[in-house]
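K.L.:
I'd like to go over a predicted model; first the sequence, then the structure.
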Amino acid sequence: MSNSYEHLLPPSWKPQVTAWLAEDTPSFDYGGYVVGEAQREAFLFGKGKDAAVLAGSPFFTEVFTQLGCEVQWHLKEGSTFEPIKHVATVRGKARHLLLGERVALNLLARCSGIATKSKRIGDLAKGYGFKGIIAGTRKTTPGFRLVEKYGMMVGGIDPHRHDLSSMIMLKDNHIWSSGGMNDELSQRGGSITAAIQQARKVGGFSLLLDVEVQSEAEADEAIDAGADIIMLDNIEGSELIDVSRRLKEKWSGKRKFLFETSGNITEANLQDRAINDIDILSTSVVHQSVQHIDFSLKIQMPNGGH
């Protein structure tokens, strides 16, 4: 049995589609009154100028399923297509096709845009010889994270943690608030080590612990305290390579950990950042301010026009 990306989705996702439909038509459907309930067929076209990745078909289908329509896909989820492409056919009552049109297209356009960008960044990194992990971030849209993280996975990259409960991540504000990160605050009774110990106490063995550090000394402390992932913040260029190599050599055979770097990563500088001394490259460029993929839904008239 072949796996489907839809199998990843939690039970809560279909009620979310219901909520999106309710948001779009909170009271009367005036246009639907004009159109009526004649049975119609609509073609979904993938447009734009460049090749794109199709992502979000389960969400698109569910919109129309809840409206009593049928969707027939002509392209597999995750496939790359060249515009203009007849991607799917939707059949149902005219007013129902139009009720779901904008919600379904918006979902598909954003999700496909994220998948397309994710694939492009991932392919570029591989082309530069990077053997590590390209990951998204948690800088997602409230209420829409499921679709955005799903798009990253369809695009072939790691979605990173889904929420605060998915992995323990101690960033600078956590450390500062607990009293670490510099000597002055350390004198008040906190440290990176203490923060890690407290997190381990409640997180147990099953959660990875990712700790953000701002210097080689802090990275060394985090490794010694048992962090699984070290986020090297504000360390770039040759210094990033040197720090990574020195610490990996120092702790070889003693501790298992991964190095992660993030921030200000673009397609233009990806080659400089995609270095194999770093294990994880996390970036919001794959989902923030991403160009949506242009789709349109055209109702076909009985004589073959639209």
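P.N.:
Thanks, I have it.
K.L.:
you'd agree Q288 is up against K139?
P.N.:
Yes - counting by CB atoms under 8 Å, Q288 does reach K139; the two are 5.8 Å apart. In short, each C-beta sits where N, CA and C put it, glycine included.
K.L.:
quick one, strands of the chain?
P.N.:
Using DSSP state E, the strands of the chain run over 39-46, 52-53, 70-73, 80-81, 85-93, 133-135, 168-170, 209-213, 229-232, 258-262, 280-282, 295-300.
K.L.:
count of neighbours near the residue lying closest to T89 once chain neighbours are set aside?
P.N.:
Using CB to CB, 6 or more residues apart in numbering and skipping the chain neighbours, the partner closest in space to T89 is Q72 (4.7 Å). Other residues within reach of Q72, judged by other CB atoms under 10 Å, total 11.
K.L.:
same check, this time on W13
P.N.:
W13 has 16 nearby residues by other CB under 10 Å.
K.L.:
who touches it in this structure?
P.N.:
P58, F59, E62, L146 (CB atoms under 8 Å, 6 or more residues apart in numbering).
K.L.:
so what's the nearest residue to the second one once chain neighbours are set aside up against?
P.N.:
Excluding its sequence neighbours, the residue lying closest to F59 (CB to CB, 6+ apart) is L107, at 4.4 Å. Contact analysis of L107 by CB under 8 Å, 6+ apart lists W20, G56, F59, F60, V63, V147.
K.L.:
any idea of the pLDDT on the spatially most central residue of the chain?
P.N.:
For the chain, the residue nearest the mean C-alpha position is K149 (3.1 Å; CA atoms, centre = their mean). On the pLDDT scale, K149 is placed at 97.
K.L.:
again with S282
P.N.:
95.
K.L.:
Quick check: it touching G136?
P.N.:
Yes - under the criterion of CB under 8 Å, S282 makes contact with G136 at 7.0 Å.
K.L.:
Identify the contacts common to the two.
P.N.:
H160.
K.L.:
Tell me which of the two has more neighbours.
P.N.:
G136 (28 against 23).
K.L.:
contacting residues around the closest residue to that one other than its chain neighbours?
P.N.:
Distances taken as CB to CB, 6+ apart place M152 nearest to G136, at 4.5 Å, with adjacent residues excluded. By CB under 8 Å, 6+ apart, the contact set of M152 is I114, A115, S118, G136, D158, P159, V286, H287.
K.L.:
Just give me the neighbour total for N264.
P.N.:
9.
K.L.:
lowest confidence element among the helices and strands of this structure?
P.N.:
For the chain, using mean pLDDT, DSSP states H and E, the weakest element among its helices and strands is helix 183-186, scoring a mean of 46.
K.L.:
Roughly how far does the residue nearest to W20 when sequence neighbours are not counted sit from A227?
P.N.:
Nearest non-adjacent residue to W20, counting by CB to CB, 6+ apart: V103, 5.2 Å away. According to CB to CB, to the nearest Å, V103 stands 42 Å off from A227.
K.L.:
more crowded one of the two?
P.N.:
Neighbour count, other CB under 10 Å: between V103 and A227, A227 has more, with 28 against 21.
K.L.:
ok, the more buried one touching K256?
P.N.:
No - with contact defined as CB under 8 Å, A227 does not count as touching K256 (10.5 Å).
K.L.:
which pair in the contacts of W13 spans the largest distance?
P.N.:
E62 and L146 (12.2 Å; CB to CB).
K.L.:
When those two are compared, which one has more neighbours?
P.N.:
E62 (23 against 18).
K.L.:
And the spatially closest residue to that one that is not a sequence neighbour, how far from S177?
P.N.:
Once flanking residues are discounted, E62 sits nearest to V17: 4.7 Å by CB to CB, 6+ apart. According to CB to CB, V17 stands 38 Å off from S177.
K.L.:
Neighbour count: the two, which is higher?
P.N.:
In this view V17 and S177 are compared by other CB under 10 Å, and V17 has more residues nearby, 22 against 14.
K.L.:
which ones are touching that one?
P.N.:
V17 touches F59, E62, V63, Q66, V103, counting by CB under 8 Å, 6+ apart.
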